[in-house]
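**Q** My questions concern the predicted model and sequence given below.
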Amino acid sequence: MMRQGGRGGRRGRGGRGGRGRGGQNYRQRRDNSEGEDSRPQQSPDEMLGSKFLELDNKNLQVEIKENHRGKFLKVSEVAEAGAQPGRNRVTLGIASASEFLTQLDTFATYAQSEEATEEGNEEKAFKSSTMVKDAKRYYFDFKENQRGRYLRITQTTMGGRKQIALPHTGIVQLHEAVDELVKKFVSDADGAPESQLPTTREVRMQPKRFYFDVGNNNRGVYLRVTETINNYQRPSSVVTIPHGAWREVRDVLIDFCDQLPYQAEEEGDTETTA
């Protein structure tokens, strides 16, 4: 009787305990795995073309890829040809490639100007520019450090910040590589829908900034309103409004403005930019 009780006790601890904790965890893991398997799998990025750039003190990998969202450009810092891209990289939709090339051309011209070759400008930003597309912002900064003059490209998104840097002598090479890949793998239809959309608008009301980005996906045209605090940090809130609801939202805002007039200077300094 004692042996039966002991075995029963062990079964009680292991059996009921297992069903209470281990069994529950097993069922949860099984449910999770079944849920993951049941979800449609997104196809991996397809490589369309790439070029390896060996610059003075930096190697870059320029790639054009395609996934379920469309074609996009990716520029990564790499250790050597064929190596996996490092964490320093920027990506942009193919519809933004034309503006990206324009920015590179502007900085390539500036790099050869007298202002950019002045002595005694160490640790100083010579020239800066900003490119805004959808929820992404790109900052181009021509700077100098102990290694020499360079261009830093920083991308900020809802997920954080990424950047690459290249010597000023490599700006032309990057421009040529991007231009060659775009001409070879991108048709007019790839960039047409995005290029026809309204440009991004920005409303500043310290310490907040509101960005109004019009985009397009497989569900149609939409407006994304992004609120950021303290100068381009991670968004604190994002709302997406489908195109079909724009007029109703506009009417609501107009109605609110009519019911509650206000003076902008009383609420805080505001500024709207395109």
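**A** That came through, no problem.
**Q** for the stretch 51-200 of the chain, which spans come out with low pLDDT?
**A** Scanning the stretch 51-200 of the chain for pLDDT under 70 picks out 82-83, 117-125, 134-135, 158-159, 188-195.
**Q** swap the cut-off to 50 and go again
**A** Across the stretch 51-200 of the chain, residues meeting the criterion (pLDDT under 50) sit at 121, 192-193.
**Q** OK, contacts around the closest residue to Lys51 other than its chain neighbours?
**A** Using Cβ to Cβ, 6 or more residues apart in numbering and skipping the chain neighbours, the partner closest in space to Lys51 is Ala177 (4.3 Å). C-beta coordinates here come from the backbone N, C-alpha and C atoms, glycine included. By Cβ atoms under 8 Å, 6 or more residues apart in numbering, the contact set of Ala177 is Lys51, Leu53, Leu60, Val62.
**Q** tell me which residues in the strand or helix carrying Ala177 are buried?
**A** Secondary structure assigned from DSSP states H and E places Ala177 in helix 171-185. For helix 171-185, burial by neighbour count (16 or more other Cβ atoms under 10 Å) applies to Ile171, Val172, Gln173, Leu174, His175, Glu176, Ala177, Val178, Asp179, Leu181, Val182, Phe185.
**Q** about what we covered before: just among the contacts of Ala177, which is most surrounded?
**A** Leu60 (23 neighbours; other Cβ atoms under 10 Å).
**Q** For that residue, give me its contacts.
**A** Neighbours of Leu60 in contact, by Cβ under 8 Å, 6+ apart: Phe52, Leu53, Val75, Ser76, Glu77, Val78, Ile164, Leu166, Gly170, Leu174, Ala177.
**Q** Would you agree the first one falls within a strand?
**A** Put plainly, it is Phe52. Yes. The assignment for Phe52 (DSSP: H, G, I helix; E, B strand; the rest coil) places it in a strand.
**Q** And for the nearest residue to it once chain neighbours are set aside, the neighbour number?
**A** Leaving aside its chain neighbours, Phe52 sits nearest to Ala81 (4.6 Å; criterion: Cβ to Cβ, 6+ apart). Ala81 is flanked by 10 other residues according to other Cβ under 10 Å.
**Q** So what's the residue count around Ser187?
**A** Other residues close to Ser187 by other Cβ under 10 Å number 10.
**Q** and the gap between it and Val90?
**A** Relative to Val90, Ser187 is positioned 23 Å away (Cβ to Cβ, to the nearest Å).
**Q** returning to that earlier point: weed out the non-buried ones from the contacts of Leu60.
**A** If we count by 16+ other Cβ under 10 Å, the contacts of Leu60 have these buried: Leu53, Val75, Ser76, Glu77, Val78, Ile164, Leu166, Gly170, Leu174, Ala177.
**Q** Nearest to Asp213 among the residues you listed?
**A** Using Cβ to Cβ, Val75 comes nearest to Asp213 of the buried ones among the contacts of Leu60, at 21.9 Å.
**Q** Tell me the bridge partners for the closest one.
**A** Beta-bridge partners for Val75, by DSSP bridges, are Val62, Val90.
**Q** How about the contacts made by it?
**A** Applying Cβ under 8 Å, 6+ apart, the residues contacting Val75 are Leu60, Gln61, Val62, Glu63, Arg89, Val90, Thr91, Ile153, Ile164, Leu174, Val178.
**Q** tally of neighbours for Leu260?
**A** 7.
**Q** Mind pulling up the pLDDT for it?
**A** Looking at Leu260, its pLDDT is 85.
**Q** And it, how close does it get to Thr130?
**A** Applying Cβ to Cβ to Leu260 and Thr130 gives a distance of 34 Å.
**Q** Lys51 now?
**A** 26 Å.
**Q** Repeat that for Glu46.
**A** For Glu46, the distance to Thr130 - Cβ to Cβ - is 31 Å.
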